[in-house]
Structures are given as C-alpha cells and as structure tokens.
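Engineer: take this sequence and fold it.
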Amino acid sequence: LLDLGRLHVLAGDRTAAEGVFRQIVQRDPLRAEAWYRLGRLLTDGGRMPEAIASLEKATQIAPLSTTYHVSLAQLYLRTQRAEDGVRELRLARHLNPQDPEGAFNLGLGLAQSGAMAEAATELEQALRLGYKEPVIHQVLARVYGALGDTARAAKEQQLFESLAAGARP
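Structural biologist: This next block holds a predicted model:
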C-alpha cells in the first residue's frame, strides 16, 4: 500500500494518495513511514496543523529517524514555532553528529530563530564536515553580517557569488 500511495503522489493524485496513507495508519497505527508520508502530503496541501500532528506521530514511532525530525522541524519553522523547530534539529544533529547537512540545517534553524552566534558555529562545523552547497556561504554572510562582522560577511558573500556563478550552465 505504501508503494501505491507513493505512485498516487507521483501521478499528482493527492486525494487518492491521502486515502491510501490514511488506510495504512488505520490498519497499522505504528507504521511510521505512512504517518510521515501523510504528513508530507498534508504539508504540500497547506494543511499545517494536520501535517504537524502526522509528522509528530511519525517521530514518536521512529524516534531515531533524522529524516522525520528534520521534516517536522522545517514545518515548525514554517509555522513560526522556532523553538520547537530548533529542538527537533538539535535532536537530528545529535542522532547523526557527523552529518554535514544536519549541521547546516541546525545552523539555518538557529539563524532563523535569531541565535546568530550559535548559528555561525554550526554552519562553520557543516563546512568542516564537508558541506559543499554554495548556499552555506550566503547564509554565513547573513549571519556574520547580523553579528557585525562585515569583513567575514563580505568574504562569504564573494565566495557564494563565485561558487554560484561557477554552478550555472
């Protein structure tokens, strides 16, 4: 049934996909992936309170899934629940401390919540861990700017522009 739900999503039939995912969680309420997929589908449909409830259920059932925690964190941040979002990102980071994307996500969430010094630390750690996307330099430029370090902000912005220009076809 999970495959059928995913196929409905790919075909653009959200109503059928939602029906399938709801059928799965009714039959097997401990099926974390079905709660997660339902939450993502509801998020895409703008049904945030329902999506949050579904993603929270997925993280409760599978507390070691960094993917579920990051998705829930991103939704919390989108709905102005920065403290909850940062909590979930910290947990995801703790679950996989060597993941450069986890450090980047936490740094981004911290910046969004206004904790700029800690955001800079996490973003710098993401670079040390091997995060390669040019956007990290743009985020660091903004964080350093907010911290009043204009020299580092300018350097990071130049690096971002250079890397972004090199990535264009």
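
Engineer: my read: Gly130 touches Pro100, true?
Structural biologist: Yes - here Gly130 reaches Pro100: they are 4.9 Å apart, a contact under Cβ atoms under 8 Å. Glycine gets a C-beta too; all of them are placed from N, C-alpha and C.

Engineer: between those two, which has more neighbouring residues?
Structural biologist: More crowded of Gly130 and Pro100, by other Cβ atoms under 10 Å: Pro100, with 18 against 11.

Engineer: burial of the residue nearest to Arg31 when sequence neighbours are not counted, as a residue count?
Structural biologist: Spatial nearest neighbour of Arg31, excluding adjacent residues (Cβ to Cβ, 6 or more residues apart in numbering): Ile24 at 5.5 Å. By the criterion of other Cβ under 10 Å, Ile24 has 20 neighbours.

Engineer: can you check Val9 too?
Structural biologist: Residues near Val9, counting by other Cβ under 10 Å, number 19.

Engineer: okay, Glu101 and Asp28: tell me how far apart.
Structural biologist: Distance of Glu101 to Asp28, computed by Cβ to Cβ, to the nearest Å: 30 Å.

Engineer: neighbour count for those two, which is higher?
Structural biologist: Using other Cβ under 10 Å as the criterion, Glu101 and Asp28 rank with Glu101 on top: 17 against 11.

Engineer: helix or strand: which one has the more buried one?
Structural biologist: For Glu101, the host element (DSSP states H and E) is helix 100-113.

Engineer: what residues are up against the residue nearest to Arg31?
Structural biologist: Leu1, Leu2, Gly5, Arg31, Ala34 (Cβ atoms under 8 Å, 6 or more residues apart in numbering).

Engineer: in CSV: those residues, plus pLDDT and secondary structure.
Structural biologist: Converted to CSV, the contacts of Ile24 look like this (pLDDT from 0 to 100; DSSP: H, G, I helix; E, B strand; the rest coil):
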residue, pLDDT, secondary structure
Leu1, 91, coil
Leu2, 92, helix
Gly5, 94, helix
Arg31, 96, coil
Ala34, 97, helix
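
Engineer: any idea which element the residue nearest to Arg31 lies in?
Structural biologist: Secondary structure from DSSP H and E places Ile24 in helix 14-27.
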